[in-house]
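A.B. asks: next one to model:
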Amino acid sequence: AVVTAAALALAMAIAGAVDVSMRPGAPVDQDRQIQDALANPLRAVRIFAGDYLARGDRYMAQIVGQLGWLDINLPKPFLWVSLILLGLLVLFDTRQGVEVRPWQRALLSGMVMATLALVSASQYALWTPYGADSVEGIQGRYFIPLAPAAAWILHTRGFAARPGLLDRV
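C.D. replies: From the prediction side, this is the model:
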């Protein structure tokens with residue numbers, strides 16, 4: 001672990017000393033992009049939120065059903081069935097020992113929102129051309145680690161089905 005941490009620190013120090021664009025073919029200026037976002041945070045929030053509203057369905061589809069370089073699509077019915085089954089599993093969990101308290105739900109919601117903001121900010125700074133009014137470079141796979149947190153946010157015992165109903169599935 002120490003060797004890995006040292007190698008990572010060395011790589012980060014070298015990467016920080018060299019100014020290499022992650023996207024050479026586009027006019028990306030991460031320093032100015034970050035300065036502008038910090039100078040006008042409401043504009044940045046509007047851009048990030050607008051991106052999720054405009055492309056949220058695409059990100060959801062990429063979580064479950066796009067493979068390769070985002071060029072192999074699984075059939076839409078497969079996506080819908082997968083998302084519906086996951087939703088039903090969350091809503092109809094019958095284990096009475098599992099209880100997500102309001103403070104835990106709020107904490108998880110904050111963590112999810114912060115992660116969404118950080119993903120958007122990173123792609124806005126590193127991949128989006130300077131001054132753009134949208135975010136480029138986000139892929140649905142970035143949100144796969146958020147799925148368990150989202151499931152816990154939505155978990156409730158209020159919709160519990162008959163005990164054992166989901167055990168037969």
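
A.B. asks: ranges for the strands of this protein?
C.D. replies: Under the criterion DSSP state E, the chain contains strands at 66-67, 72-73.

A.B. asks: single out the most deeply packed of those strands.
C.D. replies: Most buried of these, by mean neighbour count (mean count of other C-beta atoms under 10 Å): strand 66-67, with a mean of 14. C-betas here are computed from N, CA, C, even on glycine.

A.B. asks: run through who's touching that one.
C.D. replies: Ile72, Asn73, Leu74, Gly140 (C-beta atoms under 8 Å, 6 or more residues apart in numbering).

A.B. asks: how about a cut-off of 10 Å?
C.D. replies: Residues from elsewhere that reach strand 66-67, judged by C-beta atoms under 10 Å, 6 or more residues apart in numbering: Arg58, Tyr59, Ile72, Asn73, Leu74, Leu79, Gln139, Gly140, Arg141.

A.B. asks: now for these: which two are most distant?
C.D. replies: Using C-beta to C-beta, the contacts of strand 66-67 span at most 16.6 Å, a distance reached by Tyr59 and Ile72.

A.B. asks: what residues are up against the spatially most central residue of the chain?
C.D. replies: Geometric centre of the chain, nearest residue: Phe143, 3.0 Å, by C-alpha atoms, centre = their mean. Contacts for Phe143 (C-beta under 10 Å, 6+ apart) come out as Gly56, Tyr59, Met60, Gln62, Ile63, Val112, Thr115, Leu116, Val119, Ala150.

A.B. asks: got the CA positions of stretch 68-87 in CSV?
C.D. replies: This file holds the C-alpha atoms of stretch 68-87, laid out as CSV (Å, rounded to 0.1, in the frame of the first residue of the first chain):
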residue,chain,number,x,y,z
GLY,A,68,-17.8,-1.0,-25.7
TRP,A,69,-17.1,2.5,-26.8
LEU,A,70,-20.8,3.4,-26.2
ASP,A,71,-21.6,2.0,-29.6
ILE,A,72,-23.2,-1.3,-28.7
ASN,A,73,-26.8,-0.8,-27.4
LEU,A,74,-28.8,-3.4,-25.6
PRO,A,75,-32.5,-3.5,-26.7
LYS,A,76,-34.7,-0.9,-25.0
PRO,A,77,-37.1,-3.5,-23.5
PHE,A,78,-34.1,-5.1,-21.7
LEU,A,79,-33.2,-1.7,-20.2
TRP,A,80,-36.8,-1.0,-19.1
VAL,A,81,-37.2,-4.5,-17.6
SER,A,82,-33.8,-4.2,-15.8
LEU,A,83,-34.7,-0.8,-14.3
ILE,A,84,-38.2,-1.9,-13.3
LEU,A,85,-36.9,-5.0,-11.6
LEU,A,86,-34.3,-3.0,-9.7
GLY,A,87,-37.0,-0.5,-8.6
